[in-house]
Structure formats: C-alpha cells, structure tokens
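# Next one to model:
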Amino acid sequence: MQFATSAIHAGQAPDPMTGAVINPIYMTSTYHQASPGEHKGFDYSRTNNPTRQSLETCLAALEGAAFGLAFASGVAASSAVMNLLGQGDHVVVGDDVYGGTFRLFDKVFTRYGLSYSWVDAANPAAVRAAIRPETKMIWVETPTNPLLKLVDITALASIANDAALMLAVDNTFATPYLQNPLSMGAHLVIHSTTKYIGGHSDVVGGAVLTNDRTCHQNLKFHQNAVGAIPSPFDAWLTLRGVKTLALRMRQHELNAAQVAAYLCQHPAVAEVHYPGLPQHPHHGLAKRQMRGYGGMVTFTLVGGFDAAKIVGQRSKLFTLAESLGGVESLMCHPVTMTHGSIPESQRLERGITGGMLRLSVGIEDIDDLIADLDQAFDGLSEA
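Numbering: from 1, shown residues only. As a prediction, this is how the structure comes out:
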C-alpha cells in the first residue's frame, strides 16, 4: 500500500466483533485467561493492548519497519533505546538535538555509566573521529532541532556498519511521510508522536521502529519492565491523527516554504534556516534524502533577545508555546523553552542565541500567517 493508504488502514481493520470501522479503545487493564497461561496474546495492558498494538502496527508500516513499539512520550522512547546499552558504553551524538534529549543523556544516563560525545553530525568525518573502542551507538536528528541542519543518513550508516555500531535516527521533524531512515541503513528510528504524527496538540507519545528482531525483543522487554506506555486512549488519539498525516504534511510544507521566503526578505531577520531554501548549506542533501522539506522554519532576528521577546508577545496566530507539529502554528524561543537545559556556552557554540525563534508552521491560510508575522515585526527593522 502507498503511504496515505497505510496511514488509514495499516493495523486498523474493521473490528471483527462489531464491524466498527474505527478501532475500539480497549480501556482494560487485564484480560480473561481460559486457564493459567492460556490467553490470546493479551494478559495485562502494560504488556500489550489491542489499541496500542494497532498503533504500533500502523507506525511500523509507515516507516517500512518490521517492528514498532509505542511509548508514553518521545523521551520515554529515547530512554528505551538507551536501555539497550550498559555501564561503560559510549554514544556519539549529533550536537544539535532537542534540549530534552540533551537533558536525558547528559543529566540522567551519565549517572548510570553511559558517556556521550557531542559532535557536528552533519560532518561524517567528525562522527567517525569520535568513535572509541567502547562506542556502541550513533544518535542523530535530521533535520536537527532547532537549526534544521541535515545529516547524511547513508554516510553515517556506512560508518556505523564499519564499526559494528547501532545508528539511531530521531525522525520527528521529517516524519515517515518525508523520510524513512531504515531504508538508508539506520538500525532504529525514534519519534515523538506528540508532534506531527499525532498532529493536533492533544496527546503525548513516542515510538521506536526497527527491522532488527533482537533489538525489538530487547526494547519490548524494557517497554514492559519499565512501563512507560501510552494509555489506550492516547494510542487511539494518535491513530486518529496519523490518518491525515499525508494531507497535513503537504500543507505544512507549502506554508513553511512561503513563510521562509517571507522571512528571507524581511530587514528585521538576520538569518533563516529552512532546508527548502536553495541557499541552505544542506539543500542538496535534503533533495536527495527527503521527499520534501517539512514544516519547521527557524530564524534569528537582528535585534536579538529583545526583538524575539517583542515578536513572541505580539504574535497571535503563531502561538508562543512549547512543542510543534500540530495543525495550528506555534512559535518557540529555544533559549528559554526547548533548549533551556543546555548550558549557555554550549548553546552559543552551536549558534542557538537569544534572538532565535523556531516556527512550527501550521495549516492555516498562508495569507493570515504572513499578516500575523507582519504585524509582529512592525517597527523592528528600525530598532
């Protein structure tokens, strides 16, 4: 099946008992067993649940994966992947990642004996140089958060295979509609399904997809043992959202391209990051690796933090808020929001400044979005 068809039908056959077209929400914690140990694959909902299983099957189909697991959040999915490792193991990480990922790795898992090297993952040579004898994994985002840099997945997969490492790719920004890292050699794909996959800012979740059976079995063990699973209702909401993912991503991208073009010509804007722009340093890689450029646009204002504060206060359709990927447009100030847990010196070294704003461009009418930015920027060019 093609993507849009799989999003609607994979794992979502009509209910065999009633014929209901939409899968039921199985709000149960436990299941009847005919005799001890004899059940139909369901014994306790932390271990498995039919609604969650439908979501996992659907997401696996969209990523071209043999196996999929759903979690209570994107960070919970990332934690499960880290649980594949052990004390003394080392991970090479792209230095431009979600602040919550940085916090999880740097503040939590280092306490249990894991170590991390932060490198510019857009430079494969830097990744290769960071590998140590104890390295077990390479972890990257592409496009990155918030600078929207591109990472060459095929090149890093080759490096990972040469060194017998796992390559984990956070595919949240691109979504499986625009990019499938497993087909390029990645071993694991991670999503915050809170974002584009859910798509309506009404549910928190995460997922891990893989073609490696042993990896899946280990992840499944940790999913059950640790218990960071989505509720049946959360799984159902995410399934509802994913049905329109293809439609939404097309409109997100159309709007984002026009917003990026608008920002490029505005005198109050110093820099624009969007892979669809011909001047983006990784535009060529984006054309080869992705099927589109996505709905995220990041820019830096000439007036720095003060200008960003004014724009954040004035914007009306671009709601100043955490998160991304919903149908509504959101504006994020990374320094005080998503990346606040990263030390200032590291933020500045990576180019994340107080004047930077990250837009999750929604699916509203583009004329209204441009008008909102116009009024928010009014007078800034003279500041």
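
# need the strands for the protein, in chain order.
67-71, 90-94, 115-119, 135-141, 166-170, 188-191, 206-210, 269-273, 296-301, 319-320, 330-332, 356-360 (DSSP state E).

# What strands flank the third one, and is each parallel or antiparallel?
Strand pairing for strand 115-119, determined by DSSP bridges: strand 90-94 (parallel).

# So which residues make contact with the partner strand?
82, 85, 101, 105, 114-122, 127, 130-132, 134-142, 144, 151 (Cβ atoms under 8 Å, 6 or more residues apart in numbering). Glycine gets a C-beta too; all of them are placed from N, C-alpha and C.

# now the residues you listed: which count as buried?
Among the contacts of strand 90-94, those classed as buried by 16 or more other Cβ atoms under 10 Å are 82, 85, 101, 105, 114, 116-122, 127, 130-131, 135-142, 144, 151.

# How about G355: what's its closest non-neighbour residue?
G304 (4.0 Å; Cβ to Cβ, 6 or more residues apart in numbering).

# these two touch, right, the one you found and T353?
Yes. G304 lies in contact with T353 (Cβ atoms under 8 Å); the separation is 7.0 Å.

# So for those two, which sits in the more crowded spot?
T353 (18 against 15; other Cβ atoms under 10 Å).

# what's the burial count for Q12?
By the measure other Cβ under 10 Å, the count of residues near Q12 is 20.

# thought it was touching T238?
No. Q12 is beyond contact range of T238, at 11.9 Å (criterion: Cβ under 8 Å).

# roughly how far apart are S183 and D212?
Distance from S183 to D212, counting by Cβ to Cβ, to the nearest Å: 14 Å.

# Distance check, V21 against F233.
In terms of Cβ to Cβ, V21 sits 18 Å off from F233.

# The two - which one has more neighbours?
For V21 versus F233, neighbours defined as other Cβ under 10 Å are more numerous around F233 (13 against 9).

# which residues touch the lowest-mean-pLDDT helix or strand in the chain?
The helix or strand of the chain with the lowest confidence, counting by mean pLDDT, DSSP states H and E, is helix 344-350 at a mean of 87. By Cβ under 8 Å, 6+ apart, the residues outside helix 344-350 that reach it are D95, D96, W118, L147, P334, V335, H339, I342, T353.

# Return the residues in contact with the fourth one.
Going back to what we said before, that points to L147. Residues in contact with L147, defined by Cβ under 8 Å, 6+ apart, are D96, H273, T298, R350, G351, I352.

# you'd agree V119 is up against V97?
No. Checked against Cβ under 8 Å, the pair V119 and V97 is beyond contact range at 11.2 Å.

# Quick one, which of the contacts of L147 are buried?
Neighbour-count burial within the contacts of L147 applies to D96, H273, T298, R350, I352; the criterion is 16+ other Cβ under 10 Å.

# Test of understanding: give the bridge partners of the third one.
With DSSP bridges as the criterion, T298 is bridged to H273, R358.

# Neighbours of the residue nearest to Q53 when sequence neighbours are not counted, how many?
Leaving aside its chain neighbours, Q53 sits nearest to G11 (7.2 Å; criterion: Cβ to Cβ, 6+ apart). G11 sits with 20 neighbouring residues when counted by other Cβ under 10 Å.

# Verify the stated contact: G11 with T57.
Yes. With contacts counted by Cβ under 8 Å, G11 reaches T57, the gap being 3.0 Å.

# Tell me the gap between the longest helix seen in the chain and the middle of its chain.
For the chain, the longest helix by residue count, based on DSSP state H, is helix 245-264. Distance of helix 245-264 from its chain centroid, counting by Cα atoms, centre = their mean, to the nearest Å, is 17 Å.

# so that helix versus strand 356-360, what angle?
Orientation check (axes from the mean of the first three to the mean of the last three Cα atoms, to 10 degrees): helix 245-264 against strand 356-360 gives 150 degrees.

# What's the end-to-end length of stretch 166-184?
This stretch, stretch 166-184, spans 13 Å end to end (Cα to Cα, to the nearest Å).

# I should have written stretch 320-329 there, sorry.
9 Å.

# Repeat that for stretch 4-16.
23 Å.

# which parts of it are buried?
By neighbour count on 16+ other Cβ under 10 Å, the buried set for stretch 4-16 is S6, A7, I8, A10, G11, Q12.

# Please narrow those to those residing in helices.
Short answer: the buried residues of stretch 4-16 in helices (DSSP H) are S6, A7, I8.

# how far away is the first one from L245?
Relative to L245, S6 is positioned 10 Å away (criterion: Cβ to Cβ).

# who touches both of the two?
Residues touching both S6 and L245 by Cβ under 8 Å, 6+ apart: L62.

# mind listing what R358 touches?
Contacts of R358 were listed using Cβ under 8 Å, 6+ apart, and they are N145, P146, M296, V297, T298, L324, M331, C332, H333, P334, T338.

# any idea how far it lies from H187?
Using Cβ to Cβ, we find R358 at a distance of 28 Å from H187.

# Kindly report the same for G303.
Distance, G303 to H187, using Cβ to Cβ: 44 Å.

# Tell me if I'm right that A186 and N161 touch.
No. If you go by Cβ under 8 Å, A186 and N161 don't touch, sitting 10.6 Å apart.

# Compare those two and say which is more crowded by neighbours.
Taking other Cβ under 10 Å, A186 and N161 do not tie; A186 has more neighbours (27 against 13).

# Need the pLDDT of the more buried one.
Confidence at A186, expressed as pLDDT, is 98.

# Check the gap between it and N83 for me.
Taken as Cβ to Cβ, the span from A186 to N83 is 18 Å.

# Next: A225.
As defined by Cβ to Cβ, A225 lies at a distance of 9 Å from N83.

# Ok, C215 next?
Taken as Cβ to Cβ, the span from C215 to N83 is 11 Å.

# of all the buried residues of stretch 4-16, which comes closest to L380?
Ranked by distance to L380 (Cβ to Cβ), the buried residues of stretch 4-16 are led by A7 at 40.4 Å.
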